[in-house]
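> The following block contains a protein sequence and its predicted model.
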Amino acid sequence: MTGGPPLGRDAEARVERFWEILKSSVKARPGEILSKPELRPAAVLVPFFDKEGAPYLLLTKRSEGVQRHQGEIAFPGGCWESSDADLFETALRECREEIGLERNAVTLIGRLDDHETVTGFSVAPFVSIISYPYPFRLDFREITELIEVPFSFLMNPENCRLRTMLFRGTERTVRSYLYNGNDIWGATAEMIYRLVARVQECSGKRDARGMG
């Protein structure tokens, strides 16, 4: 699933150890499925990849021309359509449309808890490992940039902050991660936070943070 120059044995062992921790943490319990008919179903891929012997997450920056969440940092994904066999197929279809990632480059690990957004969606996150490097093809009408974030950065609690913002006239407290000038906040940050908690529970904080 990976490419690039060969790594030393220590680096290979570290990243393989992390994949085992990640798989165990995701499969430790089934993802909670929200059953609220008033919410619109959606799905995202939570795509991990190996870059130079360290685990990374792939995020996208949405264009200013999309209907919702303009300019925000997000996982690739979108709304369920009636032609989709299930929500995982929704995530795969959206990835293909948004960034040109094909099904044969994705290895599914498992599903996390559904996330209810303030905009009325129930988002199913599917943790996966993807091929890297990969010839991504961005649809610039929807996605302007790909952002590669080392998971060790997200595992560091010092990089997760809380802030207050105004949404539809109401103050809300949201999590965010600021990485290389990119503000990762809202639903994406919450899903990352939950995943980090799972990994820490499975492995112990010191062990997992050392994987990056």
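Perfect, I can see it now. Residues are numbered from 1 along each chain as shown.
> Per-residue pLDDT of the nearest residue to Glu72 once chain neighbours are set aside, please?
The shortest distance from Glu72 to any non-neighbouring residue, by Cβ to Cβ, 6 or more residues apart in numbering, is to Arg62 (5.3 Å). Just so you know, the C-beta spots here come from the backbone N, C-alpha and C atoms, and that holds for glycine as well. Per-residue pLDDT puts Arg62 at 93.
> which sections of this structure are below the confidence cut-off?
1-7, 65-71, 205-212 (pLDDT under 70).
> can you rerun that using 90?
For the chain, the stretches flagged by pLDDT under 90 are 1-12, 64-71, 118-119, 163-172, 203-212.
> all helices of it, in order?
9-27, 87-99, 151-155, 186-203, 205-209 (DSSP state H).
> Dump those helices into CSV; add mean neighbour count and distance to Ile130 as well.
Putting these into CSV (neighbours: other Cβ atoms under 10 Å; distance: least, Cβ to Cβ, whole Å) gives the following:
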stretch, mean neighbour count, distance to Ile130
helix 9-27, 16, 12
helix 87-99, 21, 9
helix 151-155, 20, 14
helix 186-203, 19, 16
helix 205-209, 16, 20
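> longest strand in this protein, by residue count?
strand 40-51 (DSSP state E).
> counting contacts, what elements does it pack onto?
strand 54-62, strand 77-79, helix 87-99, strand 121-130, helix 186-203 (3 or more Cβ pairs under 8 Å, 6 or more residues apart in numbering; DSSP states H and E).
> nearest residue to the spatially most central residue of the chain other than its sequence neighbours?
Centroid-nearest residue in the chain, with Cα atoms, centre = their mean: Val46, separated by 3.1 Å. Leaving aside its chain neighbours, Val46 sits nearest to Val127 (4.5 Å; criterion: Cβ to Cβ, 6+ apart).
> wait, doesn't the one you found sit right on Val26?
Yes: between Val127 and Val26 there is a contact at 5.0 Å, judged by Cβ atoms under 8 Å.
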